[in-house]
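Q: dropping the sequence and predicted coords here.
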Amino acid sequence: MMNDYAAYLTVAQQAARDAGAFLKQRFGCIQQVDESLAHDVKLRLDKEAQMLITRHLLAAFPESSVLGEEGNSGRQDAEFLWIVDPIDGTVNYFYGIPIFCVSIALQHRGRLVMGCVYDPMQQECFSAIAGGAALLNGMPITVSARSRMAEAIVFIGHGTHDGSGEVGIRRFAHISRQVRKIRILGSAALTLCYIAAGRFDAYVEGRICLWDFAAARVILETAGGSLEFEPQEEDAARGAIIAWNGRLPLHEALKLDSNA
């Protein structure tokens with residue numbers, strides 16, 4: 001089955017690298033803002049990068065379709081669906097912080113089967129085909145063996161726009177007392193890949209979109225990690241996420257004292 005998706009991964013990696021080169025070349029330049037939100041920003045470059053990726057994917061696989069942060073393309077009844085985030089970490093990119101990536105996943109008949117995440121600034125390409133090995137620049141990676149929260153490095157989203165800001169901030173404070181360090185990269189896909197590579201140990205976020213984590217989910221789970229996504233009732237593509245190395249007692253650690 002892995003061989004069935006190898007050609008798709010090859011194309012995804014080339015599309016991600018080309019989009020990454022496109023973004024790296026323009027990094028640090030003044031960017032045109034299409035939309036400025038309270039806690040986010042949409043750049044014209046997001047759309048241009050997604051168009052570049054879409055051209056690659058549909059040229060190679062014209063019967064597939066693309067679901068992306070910047071819109072959809074291709075046949076909507078296709079059994080192969082690409083899920084694309086052209087710049088995961090747009091705010092970082094806009095502010096000149098070199099922590100962002102290109103994320104491309106493949107879904108076949110409703111099942112995530114392949115993921116590719118490329119960080120052009122570090123020239124790191126994370127990839128996996130479900131059932132195979134998780135790779136970083138072609139070399140196998142695996143989650144950490146850490147099993148104690150006191151040893152863990154954790155990403156905790158604290159609810160700037162998840163509809164539960166107070167709970168999110170309480171959760172942030174609650175977990176920060178239990179772990180070695182809290183780190184917030186500003187890129188969900190890279191965070192999950194860092195867990196897959198054993199650099200981080202867990203990630204908790206109250207609001208995230210499918211294209212933010214689809215590719216990295218395949219990589220993380222293939223590397224031995226675990227991810228749970230709870231979609232919103234009104235939008236199945238958005239919801240809450242917890243992800244970890246599969247060893248930490250994360251559910252127990254997340255329990256908040258109702259009197260706190």
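A: Right, received. Where do you want to start? Because the structure is predicted, anything quoted here is derived from the model rather than measured.
Q: show me the strands in the stretch 51-200 of the chain, by range?
A: Using DSSP state E, counting those that start in this stretch, the strands of the stretch 51-200 of the chain run over 65-68, 71-74, 80-88, 101-108, 111-119, 124-129, 135-136, 139-140, 153-156, 181-182.
Q: run me through the strand neighbours of the fourth one, direction for each.
A: What it means is strand 101-108. Applying DSSP bridges, strand 101-108 is found paired with strand 80-88 (antiparallel), strand 111-119 (antiparallel).
Q: still on that earlier bit, and the strands of the stretch 51-200 of the chain, which one is worst for confidence?
A: With a mean of 74, strand 71-74 has the lowest mean pLDDT of the strands of the stretch 51-200 of the chain.
Q: can you list contacts of it?
A: The contact list for strand 71-74 (CB atoms under 8 Å, 6 or more residues apart in numbering) reads 47, 50, 54, 58, 62, 64, 65, 66. C-beta coordinates here come from the backbone N, C-alpha and C atoms, glycine included.
Q: any buried residues in that strand, and which?
A: Buried residues in strand 71-74, counted by 16 or more other CB atoms under 10 Å: 73, 74.
Q: can I have that strand written out in PDB, keeping just the CAs?
A: Extracted in PDB, the C-alpha atoms of strand 71-74 (Å, rounded to 0.1, in the frame of the first residue of the first chain):
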ATOM      1  CA  GLY A  71      -9.700  28.000  -1.300                       C
ATOM      2  CA  ASN A  72     -10.500  24.800  -3.100                       C
ATOM      3  CA  SER A  73      -9.600  23.500  -6.600                       C
ATOM      4  CA  GLY A  74     -10.200  20.500  -8.800                       C
END
